[in-house]
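Asks: Here is a sequence together with a model predicted from it:
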Amino acid sequence: MSALSGQLYRFACDEDGATAIEYGLIAGLIAVGILVALSLVGGSVTTMFDYVSSRSAQELNNIDEI
């Protein structure tokens, strides 16, 4: 029975996998942060590209008229 309790004790004290789990959690939180930031900024980026596209079309029409 002491061999089993020794193995359980070593298993409970082993922290090798904990670092990998922590890095995985950090990576997951960074990914969630990126997704939230992109969803918040996404609408304004679309608006900006629509504005640039319409202005470019207007300027190209002005060049054709000259």
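Replies: Ah, there it is.
Asks: what mean pLDDT does the helix or strand residue 40 falls within have?
Replies: Using DSSP states H and E, residue 40 maps to helix 16-65. For helix 16-65, mean pLDDT is 87.
Asks: Tell me the gap between it and the middle of its chain.
Replies: 11 Å (CA atoms, centre = their mean, to the nearest Å).
Asks: again, but for stretch 5-14
Replies: Centroid displacement of stretch 5-14 relative to its chain, using CA atoms, centre = their mean, is 37 Å.
Asks: Can you dump the C-alpha atoms of it in CSV for me?
Replies: This file holds the C-alpha atoms of stretch 5-14, laid out as CSV (Å, rounded to 0.1, in the frame of the first residue of the first chain):
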residue,chain,number,x,y,z
SER,A,5,0.5,6.1,-1.8
GLY,A,6,4.0,7.1,-2.9
GLN,A,7,3.0,7.1,-6.5
LEU,A,8,-0.1,9.2,-5.7
TYR,A,9,2.0,11.7,-3.8
ARG,A,10,4.5,12.0,-6.7
PHE,A,11,1.6,12.5,-9.1
ALA,A,12,0.0,15.2,-7.0
CYS,A,13,3.3,17.0,-6.6
ASP,A,14,4.3,16.8,-10.3
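Asks: Tell me which residue lies nearest the centroid of this protein.
Replies: Nearest to the mean C-alpha position of the chain, counting by CA atoms, centre = their mean, stands residue 31 at 2.7 Å.
Asks: ok, it to residue 37 distance?
Replies: Counting by CB to CB, to the nearest Å, the separation of residue 31 from residue 37 is 11 Å. The way it works is simple: take the backbone N, C-alpha and C, and place the C-beta from them, glycine included.
Asks: now residue 58
Replies: 32 Å.
Asks: Over to residue 55?
Replies: Distance, residue 55 to residue 37, by CB to CB: 27 Å.
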